[in-house]
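Chemist: Just need the structure, nothing else, for what follows:
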Amino acid sequence: MTKFRLTNTYFILLFIGLLLIRVFFNTVLPLMDQTEARYSEIARIMHETANWVVLQIDYGVPFWAKPPLSTWAGALSLTLFGISAFAVRLPYFLVCVIIALSIGRYRASKGHSFWLPGIILLTLPEFYLHAGVVSTDVFLMLSVIVVMLSFWEALQSDAKPFWGYLFFLGMGLGVLSKGPIIGIITLPPLLFWSWRTGNFLHALKTAPWLLGTLIFLLTSIPWYVMTELRSPGFIDYFIVGEHFNRYLNSEWKGDKYGFPKQQPFGVIWFFFVAFTFPWITAGIRLLFQTKWKGNFNPWILYLLCWMLWPLLFFTSSKSLIHPYILPSLVPFALLIANAWDRLAYRMVYLAVAAGIPIVLFIVYLSGSVDSILKNNTDKYLIESAHNQALYSLHHKSYSSRFYSNGQVQEIDIEELTEQLEKTTPFWILIRNQERQLLSEKELDVLELADQNAKKGIYFFSGVQQGKRKIE
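Modeler: Next up is the predicted model:
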């Protein structure tokens, strides 16, 4: 009994320690261009304009690529806690904490620590990363988990009615988080498992179809209708473009906000292996140790179907990124947790997995990654501007928009020349490769205040130019 308490205490401290390190990173790391800063800026604009219907990638420019659930969460957090990277990341952190806590009840036995499944999940690099990254994929993952766990619970003999309703709510939240993809990721594995285990008719009979469908429709449809009415063309772009053309055509030219991704066939499996290290090695060892007899424990089969289907579905897609493995991480962590007693070297795996965040923490404190951070955000550059007029030549990054509260303005060479003819002081961001576009006279009146490997920020005092005119 004493040993169990000590072990449980160890797991509690490890769980808390991992979260504290993640909180530290969420606080000190700047928003990085492009993706994270882009979604943060969309949330900031929503907070500022109080337009909670049409997402905007810039003032008056609609963002049709994603539904609003994650943006609502980010904008609400900014409203409550002010404009900061920590505030906009907070909802994603809380979601991941809730997920890590909620899966404790699915440990193999009560003899195992409640915290074990959550610790395994937190020490998966992809999951730990997204506990502090502004991304729509976190809320899709949450929706998938709600759907899959509520379906399982609803089929139990002593199930409470709310599990059935929660299933339909999860589907609705999925449509609000990333669209119809929620059905593609969850329904096939549920149908296969139900057929394989003989639960198909039972699932059909126990589902609260009428009220559940109403919950789904009321959760998901109103926003789509309101957005299409206020921003015509959204549904065609989002449903047809983002869901069919993006998946089927890696050279799709209709992407308004990114660029076609040319990934190798089956790259999703590489992502899964790379971003679940070191636990993937434990999973492979367990796979070869298992004696296949044709019949699976229903729970283990359920986890396998849940984990494998998203990976199989995205195998043929060449237009994807590593967060697409997120829906498979919870079942993977639960599979490891359920095999904990027969997992050789389990404490070695745990030590290595928990050591990765600790090593990253030490590396950050050493200052060895400062240049990498500074080269991928404009936060540090625009700190020099001190709320004065701020411009960016030809391109304004999402980080410059967020950290300037939307004050940065994009200008071209002609507009810059006009500004240099005036006596009004201003700051301007110029990419290093575009310095050659400026004449020597223009560079002469621009004082370099700070720079990184990609761009610099320059100050025009106005007074100097006035003196030059007098002379």
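Chemist: how about the nearest residue to T219, chain neighbours excluded?
Modeler: Among residues not flanking T219 along the chain, G172 sits closest, at 2.9 Å (Cβ to Cβ, 6 or more residues apart in numbering). The way it works is simple: take the backbone N, C-alpha and C, and place the C-beta from them, glycine included.
Chemist: Repeat that for L286.
Modeler: Using Cβ to Cβ, 6+ apart and skipping residues adjacent in sequence, the residue nearest L286 is A339, 5.1 Å away.
Chemist: What ranges does the stretch 251-400 of the chain have for its strands?
Modeler: Secondary structure of the stretch 251-400 of the chain (DSSP state E, counting those that start in this stretch): strands at 390-393.
Chemist: Also the stretch 51-200 of the chain?
Modeler: In the stretch 51-200 of the chain, the segments counted as strands under DSSP E, counting those that start in this stretch are 56-58, 61-62.
Chemist: so how many other residues sit close to the closest residue to P298 other than its chain neighbours?
Modeler: Nearest non-adjacent residue to P298, counting by Cβ to Cβ, 6+ apart: T197, 5.2 Å away. Number of residues near T197 (other Cβ atoms under 10 Å) recorded here: 17.
Chemist: Now do T197 against N297, distance only.
Modeler: 10 Å (Cβ to Cβ, to the nearest Å).
Chemist: Just the buried residues of the helix or strand I21 falls within, please?
Modeler: If you go by DSSP states H and E, I21 is part of helix 2-28. Within helix 2-28, the residues scored as buried using 16 or more other Cβ atoms under 10 Å are F11, L14, F15, G17, L18, L19, I21, R22, V23, F25, N26.
Chemist: where does the closest residue to the last one other than its chain neighbours land on pLDDT?
Modeler: So the one you mean is N26. Once flanking residues are discounted, N26 sits nearest to G132: 4.1 Å by Cβ to Cβ, 6+ apart. Listed pLDDT for G132 reads 89.
Chemist: What residues does G132 make contact with?
Modeler: Counting by Cβ atoms under 8 Å, 6 or more residues apart in numbering, G132 touches R22, F25, N26, L29, R89, Y92, F93.
Chemist: What segments of the stretch 251-400 of the chain are helices?
Modeler: With helices called from DSSP state H, counting those that start in this stretch, the stretch 251-400 of the chain shows them at 267-274, 279-289, 298-313, 329-338, 346-366, 370-374, 379-382, 398-403.
Chemist: Walk me through the domains of the protein.
Modeler: 2-366, 379-470 (automatic domain parsing).
Chemist: any idea how far the first one is from the chain center?
Modeler: On the basis of Cα atoms, centre = their mean, to the nearest Å, domain 2-366 is displaced by 9 Å from the centre of the chain it belongs to.
Chemist: just checking, which of the strands of the stretch 51-200 of the chain sits deepest inside the structure?
Modeler: A comparison of the strands of the stretch 51-200 of the chain by mean neighbour count, using mean count of other Cβ atoms under 10 Å, puts strand 56-58 on top with a mean of 18.
Chemist: What is that one packed up against?
Modeler: Contact here means 3 or more Cβ pairs under 8 Å, 6 or more residues apart in numbering; DSSP states H and E; on that basis strand 56-58 packs against helix 35-49.
Chemist: circling back to that earlier point, right, and the residue nearest to P298 touches W299 too?
Modeler: No. T197 lies out of contact with W299 (Cβ atoms under 8 Å); the separation is 10.2 Å.
Chemist: separation between the closest residue to T27 other than its chain neighbours and F24?
Modeler: Closest residue to T27 apart from its sequence neighbours, by Cβ to Cβ, 6+ apart: F86 at 4.9 Å. From F86 across to F24, the span is 10 Å (Cβ to Cβ).
Chemist: average pLDDT across stretch 404-417?
Modeler: Stretch 404-417 comes out with an average pLDDT of 94.
Chemist: Now do that stretch: distance from first to last residue.
Modeler: Chord length of stretch 404-417, first to last residue, is 23 Å (Cα to Cα, to the nearest Å).
Chemist: Figure out how far that stretch is from the centre of its chain.
Modeler: For stretch 404-417, the distance to the chain centre is 30 Å (Cα atoms, centre = their mean).
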